[in-house]
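> predicted model and sequence follow; I will ask about them next.
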Amino acid sequence: MRIPKEKLAELYLKMVQTRRFEETAARLFTEGKVHGTAHFCIGEEATGVGVCCALAKEDLIGQTHRGHNQAIGKGMSLDRMMAEFLGKESGYCHGRGGCMHIADSGSGSLGANGIVAGGIPIAVGAAFSQKYRGVDAITVSFFGDGATNEGAFHEALNLAAVWKLPILFVCTNNQYAMSTPLKAQTAITDLSQRAISYGIRGLAMDGNDIVAIYETTLEAKEYVKRQGPMLLVLNTYRYMGHSKSDPQNYRTKEEVEAWKQRDPIHLFRNMLLKKGLFPAAELDAFDEEAAHAVAHAVEFAEASPEPRVEDALRDIYSE
Amino acid sequence: MREITYAEAIREALSEEMRKNDSVVFLGEDIGVYGGAFGVSKGMFAEFGPERIRDTPMSEGAIVGCGLGAAMTGLRPVVEIMFSDFVTVAMDQIVNQAAKARYQYGGQFKVPLVIRAPSGSGTGAAEQHSQSLEAWFVHTPGIRVIAPSTPRDAKGLLKTAMRGDDPVLFLEQKLLYRMKGEVPEGEYTIPFGRAEIRREGKDVSLITYGRMVARCLEAAEEVKAEGIEAEVLDLRSLAPLDRHSIISSAKKCGRVLIVHEACLTGGVGGEIAAIIADSEAFFYLDAPIRRCCGSDSPIPYNRTLEASVVPEAGTIAEAIRRLYE
C-alpha cells in the first residue's frame, strides 16, 4: 500500500461523513424541515471522495446534482453544505441554489448542476482557462451514466480532445438514469468505450473500490496534464431513489441487496482492519467524529438566519 | 469624423480589448483564418494567433459552455455564434447556465462572457438563418441583450460588454455589417440601458432598435411632408431597457408606434407598450399604442415574400398615419 496513513484516514472519514450527512438530510426531510429536493449518493461515496481526495486545492471540479461525496471530497464544509440544504443565508449559495446547485469557489468547486450533462462544457471551459493561463492544475468533470446520452457530453468531450485540455471526465455509472437501466439507455455495456470516438483514453473500473479510484486518479491527473483528456467510468450503485419522490418500482429489492454486499464503506473498512492499518477502535472513532460533525452541521444550519426577502433580487447581475 | 463599417467597428472593439487585456479570448466557428462567416474577424488571426482566436468544432453548446467555464475561472471570453438562429442549439448553456451562474451560486462567480450573434432577415437565407430571437432572452433574467444600430454604437456597446462582469447576448444586425458610419478615433464606451434619440420630433414617437432604426428614419422623412414630426428613439439595449426614455418620449409625443423586425406576438414591443401603459405617459396619449412588427411567420426564402413579412419604411409610414385615424 503506497497510500499514506493520513490519506487513508481522510478517505474513510470523508466517506462516512458523506453517508451520515445524507442519512441526516433524509431524516430532516421526513421531519418536514426541508423545502425542496435532494439527490443522495449513498452507495456511491467512493467515487466522489476517491477522486477528489487525489486532487490538489487548485484543481477544479464540476459537480453533479448527486454530488455530496464530491463536495465533501473536495473539502467543502459540512456546516455550510447543510445550511445550503436548509436554504439558509449561511449556506454556500446563501440559500439560492440548494444542494442541487451547490458551489464553493474557495474549494475549487465550480458548482453542482441541475441539468444533466449541463456542467460538462463548463468544466471544459475551466480546463481551457487553466491551460491558457499556464496553471499547473486540472479540472475534473463529474456526471452520471444518463449524461453520456446528452449532446452536451459529446460536444464537450470532443472539444476537450481536439484542444488536448487537462480534464478528467468522471462518469459515475450508477446503472440507472432515474428509472431507466443502462441497457435501455445505450447499446454499449462498457461506457468507457465512448472515449474511442473522441480519440481519448477511456477506462472503466470498480466504483466501490476507493483505493483503486484514488490511485487511478493520481495517475490520471498526471496523464491529463501531459496528454489531454481521459474518460474514467466508475461502476457503482445508488441505494436510494433518484430523488425524494422515487417509488423505486423499476428494480428489485434483491438487486439493491446484492449491491449492498459490496458496500464501498464496508469494503474499505474491512480492508483497513484486515491489513492491520487501523484498529477497529480508531475507525469507530472516525465514525463518531463524522456523526459529531454532521450533528454540528445541523445545529449550525438550524440556528442560521433565513435569507432576507429584500435580498431575493441580489446577484442577478454584477451591478 | 472618419467613417468605418459596422463590421469594422466591431473588429476594432474586439482587437483593441484583446491588445489591452491578455485574458480576452475569442472562440467560434471559422473565426480564424477564414475570418468569420461575415468577415468580422478578418485579419485578427494573423495578429493574435491560434491561442487567442480559437476555431472550434461545430458545437454551439460546447462553445458557449466553454466560454462560460472560462469566464467563471478568470478569462473574459467572447464567443461567436455564426447565425443568431443557432443559439437554439446552445439554449441550455445560455439560459440555464450562463444566465443563472452568478445567482444560483450565491454571487461566487463573475460571468464576463460575451455571446456575439448576427441577427435578422434580408439575406435570402430563409427560415433557419434569419430570425430575430431577442425576446426570448429579454425574458431571461441574468443576461444582457444588446442590439446596436450604428457602427459607433456597435463599438462602444461591445466594449462595455467586454469589460462588464455579466453575460451579454450581443445581437449584431447582419444587414448592417457593411453600413458605414462615423466612429470616433479615440477610446470611448457606451453604457447599457441608455436609449438614444436619433431624430427629434413632437407628434409621434417611433420606438425601435437594430435594423429598423434606419427604416423608421426613412418613414419619419416620408410623413414629414404631411406635417407629422416623428421622433425616433433607438433603444440600443433591450435588457436593461431604458424605461425613462421610453416614457418621456411617449409623454412628449402623445402617439406611439413601436417598430421591430421580430415577430409581433410575444415580442419586445408588447413589453414597451406595457411600460408606457403602466406609466404616467398613459394620460398623455392621444391614440392607442400601436405596433408595426414582423409578421407571426417564419422568414420565407423568396425575395418578395421575405420583404413582405418585416416592416418597411412604407408600412411604417402607413402605421404612423393610422395613429391619426
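It's in.

> ok, B:Val24 touching B:Glu17?
Yes - counting by CB atoms under 8 Å, B:Val24 touches B:Glu17, with 5.3 Å between them. C-beta: built from backbone N, CA, C; applies to glycine.

> shared neighbours, those two?
Contact criterion CB atoms under 8 Å, 6 or more residues apart in numbering or on different chains; residues shared by B:Val24 and B:Glu17: B:Arg76, B:Met162.

> now the element after the longest strand seen in chain B, going C-ward?
Looking across chain B with DSSP state E, the single longest strand is strand B:256-263. Scanning forward in sequence from strand B:256-263 by DSSP states H and E, the next helix or strand is helix B:268-277.

> quick check: mean pLDDT across that following helix?
Average pLDDT, helix B:268-277: 98.

> would you list the phi and psi of A:Ala126?
Per-residue torsions, A:Ala126: phi -70, psi -40 (degrees, to the nearest 10).

> same question, A:Asn235
When quoted as degrees, to the nearest 10, the phi and psi of A:Asn235 stand at phi -80, psi 120.

> could you list every residue that touches it?
Contact analysis of A:Asn235 by CB under 8 Å, 6+ apart lists A:Asn173, A:Gln175, A:Ala204, A:Met205, A:Asp206, A:Gly207.

> neighbour-wise, which of the residues you listed leads?
Within those, most neighbours by other CB atoms under 10 Å in any protein chain shown means A:Gly207, with 27 neighbours.

> surely that residue touches A:Gly43?
No - using CB under 8 Å, A:Gly207 is not in contact with A:Gly43; the gap is 9.5 Å.

> who touches both of those two?
Among the neighbours of A:Gly207, those also in contact with A:Gly43 (CB under 8 Å, 6+ apart) are A:Thr236, A:Pro264.

> residues from the stretch 151-300 of chain B in reach of chain A?
Residues of the stretch 151-300 of chain B lying close to chain A (CB under 8 Å from any CB of the partner chain) are B:Gly164, B:Asp165, B:Asp166.

> related to what we said a few turns ago, JSON lines for the contacts of A:Asn235, including distance to B:Gly43, secondary structure and pLDDT?
Listed next are those as JSON lines, based on distance: CB to CB, whole Å; DSSP: H, G, I helix; E, B strand; the rest coil; pLDDT from 0 to 100:
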{"residue": "A:Asn173", "distance to B:Gly43": "48", "secondary structure": "strand", "pLDDT": "98"}
{"residue": "A:Gln175", "distance to B:Gly43": "53", "secondary structure": "coil", "pLDDT": "96"}
{"residue": "A:Ala204", "distance to B:Gly43": "47", "secondary structure": "strand", "pLDDT": "98"}
{"residue": "A:Met205", "distance to B:Gly43": "49", "secondary structure": "strand", "pLDDT": "98"}
{"residue": "A:Asp206", "distance to B:Gly43": "54", "secondary structure": "strand", "pLDDT": "98"}
{"residue": "A:Gly207", "distance to B:Gly43": "50", "secondary structure": "coil", "pLDDT": "98"}
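
> scan the chain for its longest helix.
In the absence of a named chain, this looks at chain A. helix A:5-30 (DSSP state H).

> not quite, go with chain B.
Per DSSP H, chain B has its longest helix at helix B:6-20.

> show me the strands in the stretch 201-319 of chain A, by range?
Taking DSSP state E, counting those that start in this stretch as the test, the strands found in the stretch 201-319 of chain A are A:201-206, A:230-235.

> roughly how far is the last one from the heart of the chain?
Yep, that's strand A:230-235 we're talking about. 13 Å (CA atoms, centre = their mean, to the nearest Å).

> could you do the first one as well?
Strand A:201-206 has its C-alpha centroid displaced from the chain centroid by 17 Å (CA atoms, centre = their mean).

> output the contacting helices and strands for that strand.
helix A:210-227, strand A:230-235 (3 or more CB pairs under 8 Å, 6 or more residues apart in numbering or on different chains; DSSP states H and E).

> 10 Å instead?
Contacts defined by 3 or more CB pairs under 10 Å, 6 or more residues apart in numbering or on different chains; DSSP states H and E place strand A:201-206 against strand A:167-173, helix A:210-227, strand A:230-235.

> could you check the angle the first one makes with strand A:201-206?
Relative orientation of strand A:167-173 and strand A:201-206, computed by axes from the mean of the first three to the mean of the last three CA atoms, to 10 degrees: 40 degrees.

> backbone phi and psi for the most centrally placed residue in chain A, please?
Nearest to the geometric centre of chain A sits A:Gln70, at 3.0 Å (CA atoms, centre = their mean). When quoted as degrees, to the nearest 10, the phi and psi of A:Gln70 stand at phi -70, psi -40.

> all helices of chain A, in order?
So, for chain A - with DSSP H - the helices run A:5-30, A:45-52, A:68-73, A:78-85, A:119-133, A:151-162, A:182-185, A:210-227, A:253-260, A:264-274, A:280-303.

> let me know which of the ones you listed is the nearest to chain B.
helix A:119-133 (2.2 Å; CB to the nearest CB).

> quick one on the thing from earlier: show me which residues of the longest helix of chain A are buried.
Buried residues in helix A:5-30, counted by 16 or more other CB atoms under 10 Å in any protein chain shown: A:8-22, A:24-26, A:28-29.

> skip the chain neighbours and tell me the closest residue to A:Val51.
Using CB to CB, 6 or more residues apart in numbering or on different chains and skipping the chain neighbours, the partner closest in space to A:Val51 is A:Thr217 (4.8 Å).

> quick one: that neighbour and A:Lys260, what's the gap?
Per CB to CB, to the nearest Å, A:Thr217 is found 25 Å from A:Lys260.

> who's more crowded, these two?
A:Thr217 (21 against 12).

> just to check, that one is in contact with A:Cys53?
Yes - using CB atoms under 10 Å, A:Thr217 is in contact with A:Cys53, at 8.2 Å.

> and B:Ser23, how many residues sit next to it?
When neighbours are counted by other CB under 10 Å, B:Ser23 registers 17.

> relative to helix A:151-162, how tilted is the next helix or strand after the longest helix of chain B?
On the C-terminal side of helix B:6-20, the closest following helix or strand by DSSP H and E is strand B:24-28. Going by the same axes, to 10 degrees, strand B:24-28 is angled at 120 degrees with respect to helix A:151-162.
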